[in-house]
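Trainee: okay, structure incoming, though there's no sequence with it:
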């Protein structure tokens with residue numbers, strides 16, 4: 001069983017987006033607003049329960065004069081951008097109004113706007129105008145003396161859709177408390193239903209919500225907070241918000257996103273950086289994986305990894321299950337060329353010229369392929385100090401290859 005990688009396709013454009021997670025305090029603690037998206041063909045989010053949000057519009061920059069409490073320089077610094085950070089804040093508020101009927105805004109006296117004070121006709125007209133164009137929302141707010149309350153939303157997370165997805169988004173996540181004097185009203189087209197749920201209930205299998213990976217991860221994070229004020233204080237105190245980008249991989253449960261803390265993540269990024277297929281999140285018995293042009297990994301039924309390492313002069317076999325004749329036969333059959341060396345885990349220190357590649361037997365069950373900067377070890381620990389500077393990959397006897405701590409620090 002050998003994974004195959006399809007030929008690369010043209011990179012898909014990445015679109016910028018903003019999401020606003022709306023929170024309130026319920027009888028049993030923090031609750032989050034979930035919207036159910038309408039069922040649509042060719043939409044990867046069809047029918048999913050999501051937070052309000054959408055793409056940043058080029059015209060969102062026109063909303064800057066209406067943004068209260070934060071200028072573009074401060075917003076951009078918060079998001080780690082040279083400019084345009086206020087676009088994301090404005091887009092988050094605009095999208096929340098369009099999809100959920102909630103508007104984070106202040107009136108001319110600086111008081112929070114209460115949309116329930118408007119007639120239903122006035123509110124419908126405002127939402128219809130906002131959906132038509134950002135310019136229309138700008139004119140309506142200016143007419144009423146309203147400003148977007150960007151200082152009432154807090155940036156807390158940054159996600160990039162995995163390579164290989166049909167549509168990719170670079171999304172900034174913001175949070176805000178549910179504004180007083182307003183009701184949630186899904187637009188009936190993009191969003192068709194809303195729910196207020198405790199985050200733990202939203203991710204519960206019993207609830208049965210269709211959740212995107214990023215939505216689930218945000219909900220799991222929210223579930224660790226008891227009150228809205230607790231989470232908002234946490235979000236505002238964050239000093240560094242790293243980019244999170246899952247990767248797609250295949251396995252027994254089909255293709256799914258693999259998150260950055262999962263053991264397979266580094267290896268998937270190395271073998272399939274563009275998400276074309278070939279990465280795995282599970283290592284099944286008999287799986288043959290090319291880790292490079294010089295290295296094949298073969299998984300034994302016990303979960304132990306054996307390796308074929310080769311060059312123009314032949315291939316070396318590191319057999320972690322030497323007592324299994326069938327496994328050794330499978331290893332030899334998988335070799336792209338003649339197997340000239342069979343190495344046990346306790347082989348004596350030596351250097352093997354494989355032809356264009358040098359395999360150093362270091363002893364203590366360690367082997368170093370110098371050209372690939374791969375250290376084959378008994379476990380997944382960081383390499384010893386004497387090899388630390390030249391090792392880019394740890395390849396353990398069980399599990400996935402990964403970068404050493406020193407490489408990650410660089």
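Mentor: Good, I have the coordinates. This structure is a prediction, so every number in the text was calculated from the model and none was measured.
Trainee: can you map out the strands along the stretch 101-250 of the chain?
Mentor: With strands called from DSSP state E, counting those that start in this stretch, the stretch 101-250 of the chain shows them at 105-106, 147-148, 154-160, 168-177, 191-197, 243-244, 247-249.
Trainee: ok, now the stretch 251-400 of the chain?
Mentor: Along the stretch 251-400 of the chain, counting by DSSP E, counting those that start in this stretch, strands occupy 256-258, 288-290, 295-299, 305-311, 314-318, 339-343, 350-353, 358-363, 366-369, 374-377, 393-396.
Trainee: can I get these in TSV with mean pLDDT, mean neighbour count and distance to residue 281?
Mentor: The C-beta positions use only the backbone N, C-alpha and C, and glycine is treated the same way. Formatted as TSV, the strands of the stretch 251-400 of the chain follow (pLDDT from 0 to 100; neighbours: other CB atoms under 10 Å; distance: least, CB to CB, whole Å):
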stretch	mean pLDDT	mean neighbour count	distance to residue 281
strand 256-258	96	20	5
strand 288-290	95	18	12
strand 295-299	96	23	13
strand 305-311	94	24	16
strand 314-318	93	23	24
strand 339-343	92	17	29
strand 350-353	93	14	33
strand 358-363	91	18	28
strand 366-369	93	21	24
strand 374-377	94	24	21
strand 393-396	94	22	16
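Trainee: any idea which of these gets closest to residue 275?
Mentor: Minimum separation from residue 275 across these (CB to CB) falls at strand 256-258, 10.0 Å.
Trainee: helices or strands up against that closest one?
Mentor: Identification of packing neighbours for strand 256-258 by 3 or more CB pairs under 8 Å, 6 or more residues apart in numbering; DSSP states H and E yields strand 247-249.
Trainee: identify the neighbouring strands of the strand it packs on in the sheet and state each direction.
Mentor: Strand pairing for strand 247-249, using DSSP bridges, gives strand 256-258 (antiparallel).
Trainee: show me the contact partners of the partner strand.
Mentor: Contacts with strand 256-258, where a contact means CB atoms under 8 Å, 6 or more residues apart in numbering, come from 162, 213, 246, 247, 248, 249, 264, 265, 268, 279, 281.
Trainee: got a list of what the fourth one touches?
Mentor: Which is residue 247. Going by CB under 8 Å, 6+ apart, residue 247 touches 162, 163, 257, 258, 265, 268, 269, 272, 275, 279.
Trainee: who wins for neighbours among the residues you listed?
Mentor: Neighbour counts for the contacts of residue 247 (other CB atoms under 10 Å) peak at residue 279, which has 27 neighbours.
Trainee: from what I see, that residue and residue 265 are in contact.
Mentor: No: taking CB atoms under 8 Å as the definition, residue 279 is not a contact partner of residue 265, at 9.4 Å.
Trainee: tally of neighbours for the residue lying closest to residue 234 once chain neighbours are set aside?
Mentor: Leaving out its chain neighbours, the residue that sits closest to residue 234 by CB to CB, 6 or more residues apart in numbering is residue 225, at 6.8 Å. Look at residue 225: counted by other CB under 10 Å, it has 18 neighbours.
Trainee: so who does residue 225 touch?
Mentor: 30, 231, 234 are the contacts of residue 225 under CB under 8 Å, 6+ apart.
Trainee: columns neighbour count and distance to residue 15 on top of those, output as CSV?
Mentor: Listed next are these as CSV, based on neighbours: other CB atoms under 10 Å; distance: CB to CB, whole Å:
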residue, neighbour count, distance to residue 15
30, 21, 30
231, 23, 27
234, 15, 28
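Trainee: okay, those in TSV with pLDDT and distance to residue 127 next?
Mentor: Listed next are those as TSV, based on pLDDT from 0 to 100; distance: CB to CB, whole Å:
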residue	pLDDT	distance to residue 127
30	98	27
231	99	28
234	98	32
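Trainee: now, these that are in helices?
Mentor: Among the contacts of residue 225, the members found in helices (DSSP state H) are 231, 234.
Trainee: tell me the one of the contacts of residue 225 nearest residue 391?
Mentor: residue 234 (36.9 Å).
Trainee: now the helices for the protein?
Mentor: Counting by DSSP H, the chain has these helices, from start to end: 72-79, 85-100, 120-132, 134-144, 199-202, 213-222, 228-237, 265-271, 325-334, 405-409.
Trainee: could you give the angle of the first one to helix 228-237?
Mentor: Per axes from the mean of the first three to the mean of the last three CA atoms, to 10 degrees, the angle that helix 72-79 makes with helix 228-237 is 100 degrees.
Trainee: what about the nearest residue to residue 371 once chain neighbours are set aside, neighbour count?
Mentor: Residue nearest to residue 371 in three dimensions, not counting chain neighbours: residue 357, with 5.1 Å by CB to CB, 6+ apart. Residue 357: 21 surrounding residues under other CB under 10 Å.
Trainee: got the buried residues for stretch 105-117?
Mentor: Buried residues in stretch 105-117, defined by neighbour count with 16 or more other CB atoms under 10 Å: 105, 106, 113, 115.
Trainee: most widely separated two among the residues you listed?
Mentor: Longest distance between any two of the buried residues of stretch 105-117 is 12.6 Å, between 106 and 115; criterion CB to CB.
Trainee: straight-line length of stretch 20-36, end to end?
Mentor: One end of stretch 20-36 to the other measures 15 Å (CA to CA, to the nearest Å).
Trainee: just to revisit the earlier point, need the strands of the stretch 101-250 of the chain in CSV with distance to residue 139, can you?
Mentor: Compiled in CSV, the strands of the stretch 101-250 of the chain are given as follows (distance: least, CB to CB, whole Å):
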stretch, distance to residue 139
strand 105-106, 14
strand 147-148, 14
strand 154-160, 27
strand 168-177, 24
strand 191-197, 25
strand 243-244, 36
strand 247-249, 43
